[in-house]
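>>> For reference, the sequence and a predicted model appear below.
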Amino acid sequence: GAISAGVRRIRAAGLNVAQAHLRHLNPFPANLEQVLKSYDKVVVPEINLGQLALLLRGRFLVDVISYNQVRGLPFKAEELESVIRDVIDSE
């Protein structure tokens, strides 16, 4: 989808990013805390008001950067690429 395409664009530009797709939210995957804490920044794109980011912050105490929208349209790869670049550039 758009998230994978955005990540591929960033990687093609020579930047290091990783992607995870959560298929099950209850229970969370057993190693999710370890995975999240192994990265400096975690971006969670959501087409809602940020409920997953709230759960991740509360459960694992990870500073999650939430990117959400509620406009009834899917994300676009260009949009997510821009968001990821902005997060990387803010280091």
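Okay, I see it.

>>> Tell me the predicted confidence for Ala2.
pLDDT, Ala2: 93.

>>> correct me, but it touches Phe75?
Yes - taking Cβ atoms under 8 Å as the definition, Ala2 is a contact partner of Phe75 at 4.3 Å. Where you see a C-beta, it was placed from the backbone N, CA and C, and this is true even at glycine.

>>> got the contact list for Pro29?
22, 35 (Cβ atoms under 8 Å, 6 or more residues apart in numbering).

>>> what's the answer for Glu33, then?
59-60, 62.

>>> Strands of this protein, residue ranges please.
Taking DSSP state E as the criterion, the chain contains strands spanning 42-46, 64-68.

>>> okay, those, which one's buried deepest?
Most buried of the strands of the chain by mean neighbour count (mean count of other Cβ atoms under 10 Å) is strand 42-46; its value is a mean of 20.

>>> re the thing from before, mind checking which of the strands of the chain is nearest Ser90?
Nearest of the strands of the chain to Ser90, taken as Cβ to Cβ: strand 64-68 at 9.2 Å.

>>> Stretch 11-24 spans what distance, first to last residue?
Stretch 11-24 has an end-to-end distance of 26 Å (Cα to Cα, to the nearest Å).

>>> what about the closest residue to Val42 other than its chain neighbours, distance to Tyr39?
Spatial nearest neighbour of Val42, excluding adjacent residues (Cβ to Cβ, 6 or more residues apart in numbering): Val64 at 5.0 Å. From Val64 over to Tyr39 the distance is 10 Å, taken as Cβ to Cβ, to the nearest Å.

>>> dump the residue contacts of Arg23.
Contacts of Arg23 (Cβ under 8 Å, 6+ apart): none.

>>> Can you give me the distance of it to Leu32?
Counting by Cβ to Cβ - Arg23 and Leu32 are separated by 12 Å.

>>> before we move on, what about Glu81?
Applying Cβ to Cβ, the value for Glu81 to Leu32 is 25 Å.
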